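Colleague: Dropping a prediction and its sequence here:
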Protein chains: 2
Amino acid sequence: MREKADSDLVRRQNRLLLIEALRQHGPLARIEMGRHTGLSPASITSIASQLIADGILQEADQQQPHEGAHRRGRPLTQIDINPKAAHVVAVKISIDGMELALADGRGAILTRRTSRTATYDADPQAFGQLVASEIAALLTKARIPTRRVARAAIAVQGVADSQTGTVVWSPAFRTRNISVASAVEDRLNIPCTVANDANMIAEGLISTDRSRYGGTVAVVFMGYGVGMGLIINGQVYHGPTGAAAEFGHMNHLPRGPLCRCGRRGCVEAYAADYSLLRWASGEAETQVPSFAAVPEEDMLVLEAAARRGEAHASGAYAKAGEALGFGMARLIAILSPSRIVLTGPGTRAMELIEPHLRRAIEDGVVDELRRNVEIEVVPIHTDMIIKGTIDRALRQVDREFFAHGPLVKRNRELENIA
Amino acid sequence: MREKADSDLVRRQNRLLLIEALRQHGPLARIEMGRHTGLSPASITSIASQLIADGILQEADQQQPHEGAHRRGRPLTQIDINPKAAHVVAVKISIDGMELALADGRGAILTRRTSRTATYDADPQAFGQLVASEIAALLTKARIPTRRVARAAIAVQGVADSQTGTVVWSPAFRTRNISVASAVEDRLNIPCTVANDANMIAEGLISTDRSRYGGTVAVVFMGYGVGMGLIINGQVYHGPTGAAAEFGHMNHLPRGPLCRCGRRGCVEAYAADYSLLRWASGEAETQVPSFAAVPEEDMLVLEAAARRGEAHASGAYAKAGEALGFGMARLIAILSPSRIVLTGPGTRAMELIEPHLRRAIEDGVVDELRRNVEIEVVPIHTDMIIKGTIDRALRQVDREFFAHGPLVKRNRELENIA
DNA sequence: TGTTTTATTTCGGCGTCCAAAAAAATGTTG
DNA sequence: CAACATTTTTTTGGACGCCGAAATAAAACA
């Protein structure tokens, strides 16, 4: 059931509205916030001054080379998020190590750290501790005390259970059910979540352009594996257990090629890097795929071969395109998203894949539904996952922390007394 | 972006909370409403008295053979929804006619009407008028004036666009894009929506048991066709255009059997009544399916044959089970629902289908995801779609009408003056 | 009849929003 | 350059809706 409404809800909602307007449009004058939120100028003044008193917002440095040059009337005083209001840590776990970033309250990255460890054979008991140590080292390097970090978020390939903070299954690990978040929470006392990496790309896209990616959008990642982040009604969908959208492990054909997950016929077993190489090499479909990271050069060689028209190479891309296309057709039949975004290193070879992909979609879905979906390729840049993870962490901080304001303080005081 | 919060939102939200508590639990005393909603007794008194003044609620007939017999203290005064607060009309369109029902504010059906018209060849221009006339006839029969009807809702097989109120594509019609809702709205001045029939079953299930069906649930309908209603986070999902969840027309195998939609390999082309008959009769996969309604007796004969172990018949159910199973496996990979409900006349033969369906799911989806989903068969009863359509209409009335209260009146007055 | 118990209502206070008026800060103009 | 115009921001006072506490209501119990 919905939440009851009282003045507490009103305050939280409207504070959040203000903060989100700033996240979306950057520094804003009070009157502009009013336009974005629908609140009256009087209310904006009052809410903003409270947020400033709480240290969450601050008046922006006076600099308004606003296109309109000098207009008449009292000049705008812009307000922005106080970068020191909170810090967040983002961690991206790959098969060959992890990448960390510390960001300020505005999402600007302050410090980075990379660590090379063979995650695949890591001790599942100790792995959470390892992540915690890495975060601690990052903070030491940045000279930011732990208590200034409001949240940590971890992105990982595969199935992550956001409720328990564990990695249920990931190609980056030999073992299943690796608990990660609780070690960070216990040792560093920083709230921590674990999520799927493709979902984090989706979070990033939402921040980039809400009007474009705010409806119902599927973000398909092609590369070392095949993943998907699902945006439903403007929100990234994490299923009931926090583990959904395993597009890569959706079956394409029964009894098809063997996938890293152990099943046969998954989309990933057609379209991931290792699958393309397997097709091209002429190996059997049932050849057990390697779990080692595929070097980028190998893929570049394969792409070049396909572009030269070598049959075994271009055939691999044709198979990948068909599997992806039918997978997307099935997705469209179920959810009818308004947009499907293709991203990841695999899109480098998009022109090899696309014709087969389009044909498969045409064969696989009723015209009426197909017409309503726009398919778009967004070339990946290295930081997309880290950026998205930061965005997600900040949105959580906005909601759980910044929106609450005074009442939280009061309640805490009461709790401390008791 | 979210809605700004003000006293208007608070009132709407809390009024709705009260009404929903009553819809879910039947007549309640004020104090019980407080427990359900989290509102204080003082607020309940105030909100309830306004709702009573508005004619939306009423004190219930004193009758409390409550198990607790006679307890001490002031007795509870139960409150219930005023059945006369509003009426709704539900219309179910089938291939061979339509079924109508008039319900009161509590959802009790007052009057029914059935009309036999061959919808398939109906004039697309005139069809909306026909529906409007049927509704008018229903109201005449019930002696309820049009203005007492707050909403009409129409359920139809296939793709319905709830935004434009048209039937985009349905096996019940030869023609595409048949506008239905606007004729009702224009002629009778009753707000009207069109929706997919399986979605309406999902609506009905939500009303029946929110704790069971309130999360992320897929409701698969098997019968004349194969449909699906999708509940995501407790709400029936209608995609961006209001036309989603065409599970029946999700592809199972590329270049598979011909479907009524014109594509090949749809799940429906394996598992709908006509598909089962086609398999069993040994006709070619590419045999164009008939659009005539399949008589129930034909299906009973087929089921009996399969139960006797006749190979061509049981083989048909095996094929259906495999297609449904892989379809569900793909759905699970995308959404990881906590429950899948199978319903519709097709479930009569469930024991013939189930083993193949289960095996397909095992082959088609990673263990981790499969373990989190419960598959359940709910035998259909004739009124499920009509009931669900009424529930949906009433929920819309609650939200758009009952929740608003005094302010709406005031605004209307202002508009009338202007 | 008085006491106990439980449900409901009344009353006063509080928090938040808003409209209107006032104040602030700048540009424009004669 | 002083008065006016224009735009943003703040202040003020009123409204609305929630809540806690106290009062009232309606029964059972003793």
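Modeller: Structure received. Numbering: from 1, shown residues only, chains lettered A, B, ... in the order given.
Colleague: roughly how far apart are whatever residue of the stretch 51-200 of chain A ends up closest to DNA strand D and residue A:29?
Modeller: With Cβ to the nearest atom of the strand, the shortest gap between the stretch 51-200 of chain A and DNA strand D falls at residue A:73, namely 2.1 Å. Bear in mind the C-beta positions are built from the backbone N, C-alpha and C, glycine included. Computed with Cβ to Cβ, to the nearest Å, the distance linking residue A:73 and residue A:29 is 12 Å.
Colleague: Could you look up the SS state of the residue of the stretch 51-200 of chain A closest to DNA strand D?
Modeller: Here residue A:73 takes the coil state, with states given by DSSP: H, G, I helix; E, B strand; the rest coil.
Colleague: Can you report how many residues lie near it?
Modeller: Residue A:73 has 5 neighbours, counted by other Cβ atoms under 10 Å in any protein chain shown.
Colleague: now swap in residue A:83 and tell me
Modeller: Applying other Cβ under 10 Å, we find 15 other residues in the vicinity of residue A:83.
Colleague: can you pull the contacts of it?
Modeller: Residues in contact with residue A:83 (Cβ atoms under 8 Å, 6 or more residues apart in numbering or on different chains) are A:104, A:105, A:106, A:108.
Colleague: ok, 6 Å please
Modeller: A:104, A:105, A:106 (Cβ atoms under 6 Å, 6 or more residues apart in numbering or on different chains).
Colleague: Buried ones from those, can you make that a PyMOL selection?
Modeller: Here is the PyMOL command that selects the buried residues among the contacts of residue A:83 (16 or more other Cβ atoms under 10 Å in any protein chain shown):
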select buried, chain A and resi 104+105+106
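Colleague: nearest to residue A:375, of the contacts of residue A:83?
Modeller: Ranked by distance to residue A:375 (Cβ to Cβ), those are led by residue A:106 at 32.7 Å.
Colleague: Assess the claim that the closest one and residue A:81 are in contact.
Modeller: Yes. Here residue A:106 lies in contact with residue A:81, judged by Cβ atoms under 6 Å, at a distance of 5.2 Å.
Colleague: Okay, helices next: where are they in the stretch 301-418 of chain A?
Modeller: Listed in chain order, the helices found in the stretch 301-418 of chain A under DSSP state H, counting those that start in this stretch are A:311-335, A:350-364, A:367-370, A:384-397, A:406-417.
Colleague: Turn these into a markdown table, including mean neighbour count and mean pLDDT.
Modeller: Formatted as a markdown table, the helices of the stretch 301-418 of chain A follow (neighbours: other Cβ atoms under 10 Å in any protein chain shown; pLDDT from 0 to 100):
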| stretch | mean neighbour count | mean pLDDT |
| --- | --- | --- |
| helix A:311-335 | 25 | 95 |
| helix A:350-364 | 19 | 94 |
| helix A:367-370 | 19 | 75 |
| helix A:384-397 | 25 | 97 |
| helix A:406-417 | 10 | 47 |
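Colleague: measure stretch A:99-113 end to end?
Modeller: End-to-end distance for stretch A:99-113, by Cα to Cα, to the nearest Å: 6 Å.
Colleague: Show me which positions of that stretch end up buried.
Modeller: Of the residues in stretch A:99-113, those buried (16+ other Cβ under 10 Å) are A:99, A:100, A:101, A:102, A:103, A:104, A:105, A:106, A:107, A:111, A:113.
Colleague: For DNA strand C, which of the helices of the stretch 301-418 of chain A is the nearest?
Modeller: For these, proximity to DNA strand C was assessed by Cβ to the nearest atom of the strand; helix A:406-417 is nearest, at 6.7 Å.
Colleague: contacts for stretch A:303-318?
Modeller: With Cβ under 6 Å, 6+ apart as the test, stretch A:303-318 has contacts from A:276, A:279, A:280, A:302, A:349, A:352, A:353, A:356.
Colleague: Am I right that residue A:101 sits in a helix?
Modeller: No. Inclusion of residue A:101 in a helix is not indicated when three-state DSSP is applied; the result is strand.
Colleague: and it, what does it touch?
Modeller: Under the criterion of Cβ under 6 Å, 6+ apart, the contact list for residue A:101 reads A:90, A:109, A:112, A:386.
Colleague: Spatially, which two of those are the most separated?
Modeller: Considering Cβ to Cβ, no two members of those lie farther apart than A:90 and A:112, which are separated by 9.8 Å.
Colleague: Any residue of stretch A:251-263 touching chain B?
Modeller: Yes. When contact is scored as Cβ under 6 Å from any Cβ of the partner chain, part of stretch A:251-263 falls within range of chain B: A:251, A:261.
Colleague: buried sites along that stretch?
Modeller: Of the residues in stretch A:251-263, those with enough neighbours to count as buried (16+ other Cβ under 10 Å) are A:251, A:252, A:253, A:254, A:256, A:257, A:258, A:259, A:260, A:261, A:263.
Colleague: Dig out what the first one forms beta bridges with.
Modeller: Read it as residue A:251. For residue A:251, the beta-bridge partners are residue A:266 (DSSP bridges).
Colleague: Quick check: it touching residue B:364?
Modeller: Yes. Under the contact definition of Cβ under 6 Å, residue A:251 touches residue B:364, with a separation of 4.1 Å.
Colleague: who touches both of the two?
Modeller: Taking Cβ under 6 Å, 6+ apart as the contact definition, residue A:251 and residue B:364 share the neighbouring residues B:326, B:329.
Colleague: Enumerate the residues of chain A near DNA strand C.
Modeller: Taking Cβ under 7 Å from any atom of the strand as the contact definition, chain A meets DNA strand C at A:7-8, A:10-11, A:14, A:38-43, A:46-47, A:70-75, A:406-407.
Colleague: If we use 10 Å, what do you get?
Modeller: Residues of chain A lying near DNA strand C by Cβ under 10 Å from any atom of the strand: A:6-15, A:17-18, A:34, A:37-47, A:50, A:62, A:69-75, A:77, A:404-407, A:410.
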